[in-house]
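Peer 1: sequence first, then the predicted structure, then my questions.
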Amino acid sequence: MIKRRIGFSTGAISKGDFRTALEILRSTNIRVVELSALRFHELEPLVNAIPDLELGRYDFVSVHGPSSFSSADEPLVIRLLKKVTDSRYPVIVHPDAIHGLAEWRTFGNLLYIENMDQRKSTGRTWHELSEIFRLLPEAKLCFDAGHARNVDTSMSQAAAILERFQGRLGEVHLSTVSSLGRHESFTFLAIHAFREIANLIPEDVPIILESPVSWERIESEAALAETLLSREPHLPMKAEVLPTR
């Protein structure tokens, strides 16, 4: 039985189609979900649909905002995400996407700032995150283990982020992230890297998988995530670690 709160991003199940992803998840035992609107044009349809979506079966729901948007579009993004937090769902935002800070402070602790991969200009290290959290003092951390490994394969930076912002940790993203920043299924090396920091992730923190898996692999991928986050000394390696589709 999976003890941790492990679920999926809808974008990993069906890219750009949250309705199909939720329909697929209905046939599983997954009880944690992140509704993804990584592209600006996806946000408004998702937010408008939330009141009518069957989300009561989930123990934890969050919404990932667009990964980029113009300063002219920022007021609309904020208005839409405010509707999400009015329902008490946290929103995940990339720090490099933010143009003006004042309105973002009003989200309080329902704003989750995600650490970035090496392609981005900020939010990659604990130093850069410290400055962001100084400006957004109530915000929480969405820790992306794949992004952290992309920045530093030794996982030293990942450990530093988790140690320094333990009290802010609200959600964890888990997947392999390629050198091009693409989320992929777990690889052997990624699994062992994530094992190095598993003890720094409290068991009650929701884990969102961003592995692009087929519907047949959803529950086995969640079980693999449970195993790699386990504090048991041995991690069996079988055919669960699949190449990306």
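Peer 2: It's in.

Peer 1: grab the nearest non-local neighbour of the residue sitting nearest the centre point of the chain.
Peer 2: Nearest to the geometric centre of the chain sits H173, at 3.6 Å (C-alpha atoms, centre = their mean). Excluding the flanking residues, the one nearest H173 by C-beta to C-beta, 6 or more residues apart in numbering is D144, at 4.0 Å. The way it works is simple: take the backbone N, C-alpha and C, and place the C-beta from them, glycine included.

Peer 1: from I113, how far off is that neighbour?
Peer 2: Here D144 is placed at a distance of 11 Å from I113 (C-beta to C-beta, to the nearest Å).

Peer 1: please apply the same query to P202.
Peer 2: P202 is 18 Å from I113, where distance means C-beta to C-beta.

Peer 1: residues touching the helix or strand that T85 is a member of, excluding its own?
Peer 2: Following DSSP states H and E, one finds T85 within helix 74-86. Helix 74-86 is contacted from outside by 40, 43-44, 47, 50, 63, 65-66, 69, 91, 93, 98-100, 103-104, 106-107, 110-111, using C-beta atoms under 8 Å, 6 or more residues apart in numbering.

Peer 1: tell me which of those fall in strands.
Peer 2: In strands, judged by DSSP state E, the following of the contacts of helix 74-86 are found: 63, 91, 93, 111.

Peer 1: and those, which is closest to A193?
Peer 2: Comparing the ones in strands among the contacts of helix 74-86 against A193 with C-beta to C-beta places V93 closest, at 25.3 Å.

Peer 1: for that closest one, which non-adjacent residue is spatially closest?
Peer 2: Nearest to V93 is G65, by C-beta to C-beta, 6+ apart, at 5.0 Å.

Peer 1: contacts for the helix or strand of the chain with the lowest mean pLDDT?
Peer 2: Ranked by mean pLDDT, DSSP states H and E, the helix or strand of the chain with the weakest confidence is strand 183-184, at a mean of 75. With C-beta under 8 Å, 6+ apart as the test, strand 183-184 has contacts from 12, 146, 175-178, 210-212, 244.
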